[in-house]
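J.: A predicted structure for the sequence below; I have some questions about it.
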Amino acid sequence: MQAAADVTKKECSWSSWKGQAIDLLYWRNVKQSGAVFSSVLLLLFSLTQFSVVSVGAYLALAALSATISFRIYKSVLQAVQKTDEGHPFKGYLEMEIALSQDQISKYADKILLYTNTCMKELRRLFLVQDLVDSLKFAVLMWLLTYVGALFNGLTLLILAVVSMFTLPVVYEKHQAQIDQYVGLIRTHVNSVVGKIQAKIPGAKRKEE
């Protein structure tokens with residue numbers, strides 16, 4: 001019974017985190033989404049101008065300046081008012097932040113599963129288990145050479161963040177039109193792939 005309760009609790013926690021992420025990306029709370037979006041963009045743009053070490057040091061200094069100032073302010077206020085409210089961050093200091101053994105095992109199992117899946121997929125593509133999939137992968141890598149020549153990794157990360165906070169909202173508002181165009185593109189791609197499979201010996205998938 002205890003194990004079932006723990007599983008249910010973990011599932012609820014995961015559902016809660018997932019729901020919060022969706023609300024964040026769909027701008028359900030404009031102030032919260034705007035704060036996260038602007039903070040992440042500011043951090044990424046800072047990394048384009050300064051090193052990771054410098055950005056990390058400046059963030060740490062800013063955080064320490066805020067907490068030390070607040071601690072001194074509360075201490076002076078308590079001394080003037082002759083009150084004993086204790087440490088202003090007592091609630092946060094007593095908060096449990098350590099990962100349990102179950103949580104570590106769960107995340108380690110997920111990482112191991114994703115790693116093994118990725119290794120198997122790369123082996124399948126590079127050893128040409130399916131010719132069409134390997135050709136698709138080759139075309140993707142060829143396109144990425146052009147993307148890499150135009151953008152660096154940090155720029156791509158900035159574009160990814162902007163896309164995460166804009167595309168879901170655009171899709172939600174224009175879902176019917178987008179689905180229609182995506183369907184047309186998918187049909188065209190499947191038609192081209194079918195023609196390639198018919199012309200290249202050994203490219204046609206075996207029917208299971």
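T.: Structure's in. What do you need?
J.: can we go C-alpha only for contacts and neighbour counts from here?
T.: OK.
J.: and the nearest residue in space to V40 that is not next to it in sequence, which of the three is it?
T.: Using CA to CA, 6 or more residues apart in numbering and skipping residues adjacent in sequence, the residue nearest V40 is V161, 8.0 Å away. Recorded secondary structure, V161: helix (DSSP: H, G, I helix; E, B strand; the rest coil).
J.: Next, the contact list for V161, please.
T.: 37, 40-41 (CA atoms under 8 Å, 6 or more residues apart in numbering).
J.: now these in CSV, with pLDDT and neighbour count?
T.: Shown next, in CSV, are the contacts of V161 (pLDDT from 0 to 100; neighbours: other CA atoms under 10 Å):
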residue, pLDDT, neighbour count
F37, 91, 17
V40, 92, 15
L41, 91, 17
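J.: With distance to I111 and secondary structure added, can I get those in CSV?
T.: CSV is the format used below for those (distance: CA to CA, whole Å; DSSP: H, G, I helix; E, B strand; the rest coil):
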residue, distance to I111, secondary structure
F37, 27, helix
V40, 25, helix
L41, 27, helix
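J.: Going by distance to Q103, which of these wins?
T.: Nearest to Q103 among those, counting by CA to CA, is V40 at 26.6 Å.
J.: L24: how many residues sit nearby?
T.: 20 (other CA atoms under 10 Å).
J.: if I pick it, what's in contact with it?
T.: Neighbours of L24 in contact, by CA under 8 Å, 6+ apart: 32-33.
J.: 7 Å instead, please
T.: With contact set as CA atoms under 7 Å, 6 or more residues apart in numbering, L24 has these partners: S33.
J.: helices or strands next to whichever strand or helix holds Q103 in the packing?
T.: Element membership of Q103 [criterion: DSSP states H and E] is helix 101-126. Under the contact criterion of 3 or more CA pairs under 7 Å, 6 or more residues apart in numbering; DSSP states H and E, helix 101-126 touches helix 131-150.
J.: Identify each buried residue in the longest helix belonging to the chain, please.
T.: Scanning the chain for the longest helix, with DSSP state H as the assignment, gives helix 52-81. Buried positions in helix 52-81, judged by neighbour count with 16 or more other CA atoms under 10 Å: 55, 74-75.
J.: need those in JSON lines with distance to V128 and pLDDT, can you?
T.: Listed next are these as JSON lines, based on distance: CA to CA, whole Å; pLDDT from 0 to 100:
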{"residue": "V55", "distance to V128": "44", "pLDDT": "91"}
{"residue": "K74", "distance to V128": "66", "pLDDT": "88"}
{"residue": "S75", "distance to V128": "68", "pLDDT": "88"}
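J.: Of those residues, which is the nearest to T187?
T.: V55 (46.7 Å).
J.: which residues touch the closest one?
T.: Counted by CA under 7 Å, 6+ apart, V55 has contacts 46-47.
J.: How much space separates it from L44?
T.: 10 Å (CA to CA, to the nearest Å).
J.: G153 now?
T.: Between G153 and L44 the distance is 11 Å, computed by CA to CA.
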